[in-house]
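**Q** sharing a model prediction with you, sequence too.
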Amino acid sequence: MILHLYFARRFAMSFLVLTAVLFSLVALVDLVDQTRGFSDFDISFGRIVGLTLLNAPQTVNEILPLIMILATIALFIGLARSSELVATRAAGRSALRALVAPVIVALIIGGLAVSMLNPIVAATSKRYSELAESYRTGGASTLSISGEGLWLRQGDETGQSVIRALRSNSDASVLYDVTIITYAPGQGPIRRIAAQSAALQDGGWVLRNAKLWHLKAGWNSEANAERHDELFVPSSLTLERIRESFARPSAISIWKLPEFIEQLDQAGFSSRQHRVWFQSELARPLFLMSMVLVASAFTMRHTRFGGTGIAVLAAVLLGFGLYFIRSFAQILGENGQIPIYLAAWATPVAAVLLALGLLLHAEDG
């Protein structure tokens, strides 16, 4: 038990140190990128630093498998150089028993990444998108989906508009049962439009069977309402910006994702991408565990045998290969080429079995 705790403490320390180092590097690189990206805008350095701190957690969250591989390599190379690994094997501990503590720590880290880091990353990435859009255009464009339908907000220097639709088509290019309320800067609502449908085209919305009310004091809005078979409303929104505002599952906390998937289905959107992401997040602890097993399969050897650099390189390359296969499987799942559960769980399970095969081969020949 004492040996397991020792291995667990060494592995946790390696993971924390590598996470701190890589977070600093990621933040530094992202700071340079943010400075270059907002060089044409009048943005203070403090705001750029704020954007960097909001964006960095998402990158660190994505490279967790790499951190796990490097932490495992650092652990077992350190144990091998100090001959502690040799003493452990001489005491009768098999390779699989020596891996119990690192694997348990990896599962705990994976569980914390899903339950705690995921909501943090979702909140910071969403806030980053809102601030970046606000700095670039002077107004934010956001989308929200609830049980009451679809809500959009578009804005610029001239004012803000709130769009509510009961439902939409699958790619959000056409909205149905639409209501648009326009607000002037520093004032209340100045215009309300109700339409049967709204199609997004270049430069704005094309409304069908629309009724327009001008809202101002001392004015009978209903008596002076206008009806239009077709009405064009300018907009800075594009399909890409609308999709980006709701189609990124990483911007939604995993605790809220099941409810959001249900609301997507009710609003008429495809929720397949979010379902794949949800299952992939649930499978993340298993995938992180597989990274520990893969790295240990190449580094649980004494340094006097040589070839340490090649073993480390092989472990990192295999880890990258498994990460690529996992991402590719998720894309296939999002496109409907393979079932959702297969896209999310096949790669972690296969990675664990592959690593166990390599360990057993190294242990028993």
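**A** Happy to help now that I have it. Numbers count the residues shown, from 1 in each chain.
**Q** lowest-scoring secondary structure element of the chain by mean pLDDT?
**A** Counting by mean pLDDT, DSSP states H and E, the weakest-scoring helix or strand in the chain turns out to be strand 142-146, with a mean of 59.
**Q** grab the most central residue of this structure for me.
**A** In the chain, the centroid-proximal residue (CA atoms, centre = their mean) is Ser250; its distance is 2.7 Å.
**Q** check contacts around that one.
**A** With contact set as CB atoms under 8 Å, 6 or more residues apart in numbering, Ser250 has these partners: Gln58, Val121, Ala122, Ser125, Trp277. Where you see a C-beta, it was placed from the backbone N, CA and C, and this is true even at glycine.
**Q** all strands for the stretch 101-250 of the chain, in order.
**A** Ranges of strands within the stretch 101-250 of the chain are 142-146, 149-156, 159-168, 174-183, 189-201, 204-214, 226-234, based on DSSP state E, counting those that start in this stretch.
**Q** pLDDT averaged over stretch 277-292 - what is it?
**A** When the per-residue pLDDT values of stretch 277-292 are averaged, the result is 93.
**Q** that stretch: which residues count as buried?
**A** Counting neighbours by 16 or more other CB atoms under 10 Å, one finds that the buried residues in stretch 277-292 are 277-281, 283-292.
**Q** okay, now the unreliable bits of the protein?
**A** Regions of the chain meeting the criterion pLDDT under 70 cover residues 1, 86, 89-95, 137-149, 155-158, 170-172, 240-247, 266-269, 301-306, 363-365.
**Q** now the helices for it?
**A** Secondary structure of the chain by DSSP state H: the helices cover 2-37, 45-62, 64-81, 84-90, 95-98, 100-112, 118-137, 239-246, 257-267, 272-282, 284-299, 308-334, 340-364.
**Q** what's the longest one packed up against?
**A** To tie it back to what came earlier, the one meant is helix 2-37. Under the contact criterion of 3 or more CB pairs under 8 Å, 6 or more residues apart in numbering; DSSP states H and E, helix 2-37 touches helix 45-62, helix 64-81, helix 100-112.
**Q** tabulate these (JSON lines), appending distance to Leu150 and mean neighbour count.
**A** Written out in JSON lines, the entries for these read as follows (distance: least, CB to CB, whole Å; neighbours: other CB atoms under 10 Å):
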{"stretch": "helix 45-62", "distance to Leu150": "25", "mean neighbour count": "17"}
{"stretch": "helix 64-81", "distance to Leu150": "33", "mean neighbour count": "22"}
{"stretch": "helix 100-112", "distance to Leu150": "34", "mean neighbour count": "19"}
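**Q** out of those, which comes closest to Ser168?
**A** When the helices and strands packed on helix 2-37 are compared for distance to Ser168 using CB to CB, the nearest one is helix 45-62, at 27.3 Å.
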